[in-house]
Structures are given as C-alpha cells and as structure tokens.
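Chemist: Fold the following, please.
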Amino acid sequence: MICLALSLLGAPSLCAADTAALDERIRECNELFEEMSEMPDNAIPKDLISDCYGIAIFPSVLKGGFIVGARYGKGVILYHDRENHRWSAPAFFTIKGLSYGLQIGGQAIDLILVINNKRGMKSFLENSVTLGGDLAAAAGPVGRSAEASTDLSLKAGIFSYSRSKGLFAGISLEGSVIKTEEKSNEAYYGTNITVDDILFKNKAPLSKAGKDLINILQSY
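Modeler: Numbers count the residues shown, from 1 in each chain. Prediction:
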C-alpha cells in the first residue's frame, strides 16, 4: 500500500521493504565470505583477494534441469582499489546461464568470483557481461597461497569458486551472463545512480550492511 501511494503521488517507488531485502542480500554475502574465510585448506587464497581488482558474491544460486540445466542468482559486486586498499560500496547484479549434458535434479550453490584485472572490472559497466565471451573465466585455485597460479591469473579475467555441501572448489561458468540490476541500485542508493558511480566514483553512500561487508573483505 505504501508503494502504491508513493507511485500515485508521483514519488519514486522506494519502500522500506525494498531496502530491507537488499540489506539482507548484502548480509548474506557477508556471511558467505566469512564462512569461506574460515576454511583455510579449501578457501580462496588470501593473496588473490589482496591483489584482485574486485569480487562478485552470489549466495544461493539455484541450479536445476534435465539434460539442459539452468542457473540463476542475485548478488553484489565490489571494486577493489589496489593502490589505497579500499573497497567500493556493493552494486547489485544478477547471474544466469544454461548448461548442457547429462544432468538431473537441482541444488543451491554459493558463488564467489575473483576479478583479476581492471579491464575485467570495467566490463561490468556494460549492461551485461558474458563469462567466457566478453570476459575470460577459469576455475580458481584453492588453498592458502596462489603463487603457483600467477601465470594462470594473467590469462583469466575471473577466477570462479562455488560451495556446495560445505566445500569450495573451482567451477566453470562458461556462457553465464552477469547483468546489472539498475532498479535495485537506484532503490538502494537513489535515483539516477549508475554502476560507474557506485564502483568507481565513490558516489554511493555506504550503508551499515555495506560497511560490514567491506570490513570482512579488508580483514581477510
């Protein structure tokens, strides 16, 4: 009713329920990364995080299908300024894709994408990005250090990780499309804000949930 009243008055359709749901998404991303950081032998190497240009976190991506499979999830992306070790506010994105082959059933997996170069980060300024097409993606290394994977990181714009049943491991996301959620970003940060404003121009005000997520990334 509140949303309807606002729309009739010509005001932006910004509701407490909208921001609460987006806050909860950021908190889920926070919890996912915190749980991952407590898995020293099967986690993303810390030097990958400290040297990366950004990270995408998608909790509870749904996968399912028979012969032809599909995945869909919602998450956030943050830019990492390596010079001053600062993280941007989280911007809202979706991920979806198809897969082919012998498969049946469904499950929910957690996804973390480590973005290895600035060109890769800049690609998310487009409305959508196709992994394996617009941006090279590869299953990422796990463990305490990624020193042995330096050559691989130069070739892959993104390292992908998934968690299912408590274990993180590299997976292939070839053909998956990551798309900007313009309405969610505007609902959370204000009208007419862009992904460029959020990730690279520091124009998005940090919420408590956003600050908490940045704190866990910095502590890792």
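Chemist: quick one: contacts for residue 130?
Modeler: 175, 176, 177 (CB atoms under 8 Å, 6 or more residues apart in numbering). Any C-beta I mention is one placed from the backbone N, CA and C, and that applies to glycine too.
Chemist: Filter those down to the ones in strands?
Modeler: Among these, DSSP state E puts residue 177 in strands.
Chemist: Narrow the contacts of residue 130 to those that are buried.
Modeler: Among these, those buried by neighbour count (16 or more other CB atoms under 10 Å) are 176, 177.
Chemist: Spell out for me which residue occupies the centre of this protein.
Modeler: Centroid-nearest residue in the chain, with CA atoms, centre = their mean: residue 56, separated by 2.3 Å.
Chemist: Could you find the closest non-adjacent residue to that residue?
Modeler: Spatially, and ignoring its direct neighbours in sequence, residue 56 is nearest to residue 113 (4.0 Å; CB to CB, 6 or more residues apart in numbering).
Chemist: do residue 53 as well
Modeler: The nearest residue in space to residue 53 (CB to CB, 6+ apart) is residue 121, at 4.6 Å.
Chemist: a helix runs through the one you found, doesn't it?
Modeler: Yes - per DSSP: H, G, I helix; E, B strand; the rest coil, residue 121 lies within a helix segment.
Chemist: what residues are up against it?
Modeler: Counting by CB under 8 Å, 6+ apart, residue 121 touches 53, 54, 79, 115, 199.
Chemist: Would you mind measuring from it to residue 176?
Modeler: Residue 121 is 17 Å from residue 176, where distance means CB to CB, to the nearest Å.
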